[in-house]
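> Attaching a predicted model along with its sequence, questions to come.
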Amino acid sequence: MPELPEVETIVRGLREPLFGRKFTGVRVGWENLVARPRPDGSTSSPRRLAEGPAVEEFERGLVGQRILDVKRRGKYLVFALSGGESLIVHLRMTGRLLIKNCDDELDKHDHLIFELDDGRELRFNNMRKLGRVYLVDDEDEIVGGLGPEPLDDDFAPADFAALLSGRRGMIKPLLLNQRFVAGIGNIYADEALFAARIHPERRANTLRGEEVKHLYHAIRQVLAQGIQNRGTTLSDYLDAEGREGRNQEHLRVFRRVGQPCPRCGTPIKRTVVGGRGTYFCLRCQK
DNA sequence: ACCACAACCTGGCCGC
DNA sequence: TGCGGCCAGGTTGTGG
């Protein structure tokens, strides 16, 4: 569910309530959410609930630490801790991070709860249990391999062009590849390709200079607009305070099969590209 | 490099 | 009401 604009909105909403807070307790309801530390070496462990050594280590490592900073890298949330370590969270498809009071009623999908020193809690709500948390010494162990931040000031059109050159795959799967550029997901990939009038199956190295430039600006525009609208809520997404976004009101192609293209009126098509549902206008995107 | 597919999970929706 | 099938905003691993 959450892509760059949704994660950015959550991060902004978490800064004030979390800055300077101390973790006083951690309750793990689904062990597989804890991706680091892992029980020595074993990658796929039989799943027990909430009591492996890795989970104990995760809890021990967190309790007593203060949160010094909250930031975003791609679709990851990164919490800098007083002990020098980083707590990193990826929401995957249905994850939410919510600030609640400790006496607020629990939701059935609150699978990981961080207790804070002010009587509040940070709850990792995770309907599909696909989310992951990492406690690491160095954040680069997790986010080090990500591509550039598309909204950074120093990410220039020439950088984007350089990344594309020599790539022979289809443009849409490339946009979704987090080692290429960080933070773009299925919604914003389709919206950016529509804005740039580029067919999702175009081979990256066949884009003309002009098209590359248009796509660069389209990506930044749709992401910035997503942030401005506080994210896209199609079904699950909520910010840190449990509020929906409103960018869904501004989508032009995503999940709009059969509806008229806002530019030419042709009904929007759906196909599958790289295994992902893909929405586009056959007439505008060649 | 690139691609297709399965796995990880639960729930909503559709057709029968 | 129930059941099977398909779909879902993400990522990773496997095999070709």
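Good, I have the coordinates. Numbering: from 1, shown residues only, chains lettered A, B, ... in the order given.
> As a check, name the ranges of all strands in the stretch 151-286 of chain A.
A:269-273, A:276-280 (DSSP state E, counting those that start in this stretch).
> And the ones you listed: which comes nearest A:Lys129?
strand A:276-280 (20.8 Å; CB to CB). (Glycine included, C-beta is placed from N, CA and C.)
> So which elements touch the closest one?
helix A:171-176, helix A:186-195, strand A:269-273 (3 or more CB pairs under 8 Å, 6 or more residues apart in numbering; DSSP states H and E).
> Tell me if that strand is near DNA strand B.
No. Legend: contact between strand A:276-280 and DNA strand B by CB under 7 Å from any atom of the strand is lacking; minimum distance shown is 9.8 Å.
> What score does A:Gly274 have for pLDDT?
Looking at A:Gly274, its pLDDT stands at 96.
> re the thing from before, and the helices and strands packed on strand A:276-280 as CSV, adding mean neighbour count and distance to A:Val136?
Shown next, in CSV, are those (neighbours: other CB atoms under 10 Å; distance: least, CB to CB, whole Å):
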stretch, mean neighbour count, distance to A:Val136
helix A:171-176, 22, 25
helix A:186-195, 25, 27
strand A:269-273, 14, 34
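> Can you say which of these is nearest to DNA strand C?
helix A:186-195 (3.3 Å; CB to the nearest atom of the strand).
> Is the closest one in proximity to DNA strand B?
No. Using CB under 7 Å from any atom of the strand, helix A:186-195 stays clear of DNA strand B, coming no nearer than 12.7 Å.
> hmm, who's touching that helix?
When contacts are defined by CB atoms under 8 Å, 6 or more residues apart in numbering, helix A:186-195 is touched by residues A:3-5, A:171-172, A:175-176, A:184, A:199-200, A:214-215, A:218-219, A:221-223, A:226, A:232, A:234, A:251-254, A:276-281, A:284-285.
> before we move on, what about stretch A:131-150?
For stretch A:131-150, using CB under 8 Å, 6+ apart, the contacting residues are A:4, A:33-37, A:58, A:61-62, A:73-74, A:76, A:78, A:84-92, A:94-95, A:112, A:124, A:155, A:159, A:163, A:177-184, A:219-220, A:223.
> which bits of the stretch 1-150 of chain A sit near DNA strand C?
Residues of the stretch 1-150 of chain A lying near DNA strand C (CB under 7 Å from any atom of the strand): A:Met1, A:Pro2, A:Glu3, A:Glu6, A:Thr43, A:Gly74, A:Lys75, A:His90, A:Arg92, A:Met93, A:Arg128, A:Leu130.
> Distance from the chain centre to whichever strand or helix holds A:Leu97, please.
Using DSSP states H and E, A:Leu97 falls within strand A:95-101. A distance of 16 Å separates the centroid of the chain from that of strand A:95-101, by CA atoms, centre = their mean, to the nearest Å.
> now A:Tyr279, nearest residue through space, not along the chain?
Spatial nearest neighbour of A:Tyr279, chain neighbours left out: A:Val253 (4.4 Å); criterion: CB to CB, 6 or more residues apart in numbering.
> hang on, that neighbour packs against A:Phe280?
Yes. If you go by CB atoms under 8 Å, A:Val253 and A:Phe280 touch, sitting 5.9 Å apart.
> What's the per-residue pLDDT of A:Ala50 here?
Predicted confidence (pLDDT) for A:Ala50: 50.
> what's the answer for the one 10 residues further on, then?
Taken from the predicted model, the pLDDT recorded for A:Arg60 is 97.
> same deal with A:Arg96?
A:Arg96 is given a pLDDT of 98.
> tally of neighbours for it?
24 (other CB atoms under 10 Å).
> beta partners for it?
On the basis of DSSP bridges, A:Arg96 is bridged to A:Asn125.
> How about the contacts made by it?
Going by CB under 8 Å, 6+ apart, A:Arg96 touches A:Arg123, A:Phe124, A:Asn125, A:Asn126, A:Asp236, A:Tyr237, A:Leu238.
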